[in-house]
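Participant: A structural model of the following input is requested.
(chains A, B, C and D)
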Protein chains: 2
Amino acid sequence: MSRFEVITDAGIALVAELGMRGLTHRAVDARAGLPLGTTSAYFRTRKTLVEALVRRLADLDRVELARNRLPADETATLPPGQRLTAADLDRLAESVAAVLDEWLTTGRTRTLARYACLLEATHHPELRTILDHGRTYRAQARALLAAAGAARPEQAGDHFVACVDGLLFDRLVGAGALTAPVPGTAESRADLTTAVRSILTALTAAT
Amino acid sequence: MSRFEVITDAGIALVAELGMRGLTHRAVDARAGLPLGTTSAYFRTRKTLVEALVRRLADLDRVELARNRLPADETATLPPGQRLTAADLDRLAESVAAVLDEWLTTGRTRTLARYACLLEATHHPELRTILDHGRTYRAQARALLAAAGAARPEQAGDHFVACVDGLLFDRLVGAGALTAPVPGTAESRADLTTAVRSILTALTAAT
DNA sequence: ATTGTCCTTCTACGGCTGTAGAAGGAGGAA
DNA sequence: TTCCTCCTTCTACAGCCGTAGAAGGACAAT
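Facilitator: Okay, here's the model as predicted:
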């Protein structure tokens, strides 16, 4: 693991645990077990440090996307005129739910840090460019909803991503964090599947 | 306007503009045009200051809720057995969209600060208690979906709130902030209405 | 008028933060 | 070897932050 990765991973962990305020050159050094001053030498200003974190988050997302590909791709190559069946939609909902559940457990740190950075990007637009949050997912969602037979697949795909993101955020920091089944369990995945499935149905039918 | 309100409002503005890192006793003084040290005297520790902000946010939400009541209440008192018509759902979607649009324009500062505090509440659970984000809205949504004829109104209501929140977040800081019609315009309201309407349909039918 | 209480304003201070630059050292080229 | 270059580690420093407490003043009760 390169020095760059060690530093940025420690930074991501800090942001997830303590928020943006906890992200300090020295704190990163301590967290990563590196000699004091290392982070400061690699990223002379705080801004470059944050940018590095964001870049790393985007990289990690890309890696995860490659590993955790949705079944959308199979469906995108359907012969024209042929649509997804209800069983297909069920399977899709289930796999989306599985990804969500993973983001709430294994990927929780990364998910929290991403939201923090997303909020940060409001005041620093240059971050937005790097952290193309969900761009790839959006592309998949559009293809998926086109295959599912939505009237306006672009719009429907965007709505889908937004809704699923809302679900995620709710479970992560909102009311769902307290009331919903604890992530990682089969119950949680079933609950998420239901939710995703109904969103999917809606957008297929109505948009 | 009480001193308490002047201070907390300035704090909220700072959090919205600069993020949690910009929230400092001295910065609040400067922003509110108060003598240096005032905020520090009112809220001796940073923690109490943040708590005060969160409390103020909750108060503002309550005020806004009273002013901006959804048509849910009328519908909640429908005679049993009678359901909402498609036209009712249209009207509901429109009024929800109007509220969302307001949160993206007039209430943008407050909305941004709320999300920042919500993220902060991950590390400080006591904040969660105060910032009962969307609790009242959730209650309304449940009643609404019960009236609309959803099979499991509690669950459906929660999903509804989560999805709508996702829509909001997307428009505020996500991809929607760049691609969607600019908030405050009739086009934006129309777009939001479409999205909300399809969510509503979905959850009514499927859950 | 005096006393006591509360609110406001100002000042102090230890600690942490961002950032720059010096010191040290490993290793490759000549 | 000697020299040069790059990477790492350490130190310095000005400025800001959180927090405590002193100083001043308004005002009501006595």
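
Participant: Off-centre distance for stretch A:149-166?
Facilitator: 16 Å (CA atoms, centre = their mean, to the nearest Å).

Participant: ok, that stretch near chain B or not?
Facilitator: Yes - among the residues of stretch A:149-166, A:155-156, A:158-159, A:161-166 lie within reach of chain B under CB under 8 Å from any CB of the partner chain. C-beta here means a position set from N, CA and C on the backbone, and glycine is covered the same way.

Participant: avg pLDDT for that stretch?
Facilitator: For stretch A:149-166, the mean per-residue pLDDT is 88.

Participant: Check the gap between A:Leu34 and A:Gly149 for me.
Facilitator: Going from A:Leu34 to A:Gly149 by CB to CB, to the nearest Å gives 53 Å.

Participant: Pick out whichever of these two has more residues nearby.
Facilitator: A count of neighbours by other CB atoms under 10 Å in any protein chain shown puts A:Leu34 above the other of A:Leu34 and A:Gly149, at 17 against 12.

Participant: hang on, A:His159 packs against B:Arg171?
Facilitator: No - using CB atoms under 8 Å, A:His159 is not in contact with B:Arg171, being 11.2 Å away.

Participant: In which helix or strand does A:Pro35 reside?
Facilitator: Assigned by DSSP states H and E, A:Pro35 belongs to no helix or strand.

Participant: Contacts only, for it.
Facilitator: A:Asp29 (CB atoms under 8 Å, 6 or more residues apart in numbering or on different chains).

Participant: Would you mind writing the PyMOL command to select the buried ones in the residues of stretch A:149-166 next to chain B?
Facilitator: In PyMOL, selecting the buried portion of the residues of stretch A:149-166 next to chain B, with burial taken from 16 or more other CB atoms under 10 Å in any protein chain shown, looks like this:
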select buried, chain A and resi 155+156+158+159+161+162+163+164+165+166
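
Participant: Select the helix or strand of chain A having the lowest average pLDDT value.
Facilitator: Of all helical and strand segments in chain A, the minimum by mean pLDDT, DSSP states H and E falls on helix A:72-76, at a mean of 52.

Participant: Closest one of the residues of stretch A:149-166 next to chain B to chain B?
Facilitator: A:Gly166 (1.8 Å; CB to the nearest CB).

Participant: wait, doesn't that closest one sit right on B:Asp165?
Facilitator: Yes - with contact defined as CB under 8 Å, A:Gly166 and B:Asp165 form a contacting pair (4.6 Å).

Participant: interface residues of chain A facing DNA strand D?
Facilitator: Applying CB under 7 Å from any atom of the strand, we find that chain A lies next to DNA strand D at A:3, A:34-38, A:40-41.

Participant: how many neighbours does A:Arg67 have?
Facilitator: For A:Arg67, using other CB under 10 Å, the count is 7.

Participant: measure it to DNA strand D for me?
Facilitator: To DNA strand D, A:Arg67 is 29 Å away according to CB to the nearest atom of the strand, to the nearest Å.

Participant: Also A:Ala151?
Facilitator: 51 Å.

Participant: Between which two of the residues of chain A next to DNA strand D is the distance greatest?
Facilitator: A:Arg3 and A:Leu36 (14.9 Å; CB to CB).

Participant: element containing the residue lying closest to A:Leu60 once chain neighbours are set aside, please.
Facilitator: For A:Leu60, ignoring the flanking residues on the chain, the nearest one in space by CB to CB, 6 or more residues apart in numbering or on different chains is A:Arg110 at 6.1 Å. A:Arg110 is part of helix A:108-120 when elements are defined by DSSP H and E.

Participant: what about chain A, any weak spots by pLDDT?
Facilitator: Residue ranges of chain A with pLDDT under 70: A:69-83, A:133, A:205-207.

Participant: For it, just list every one of the helices.
Facilitator: Counting by DSSP state H, chain A has these helices, from start to end: A:3-18, A:25-32, A:38-42, A:46-67, A:72-76, A:86-104, A:108-120, A:125-130, A:135-148, A:153-173, A:176-179, A:186-206.

Participant: Kindly compare burial across the ones you listed and name the winner.
Facilitator: Mean neighbours per residue, mean count of other CB atoms under 10 Å in any protein chain shown, is largest over those for helix A:153-173, with a mean of 25.
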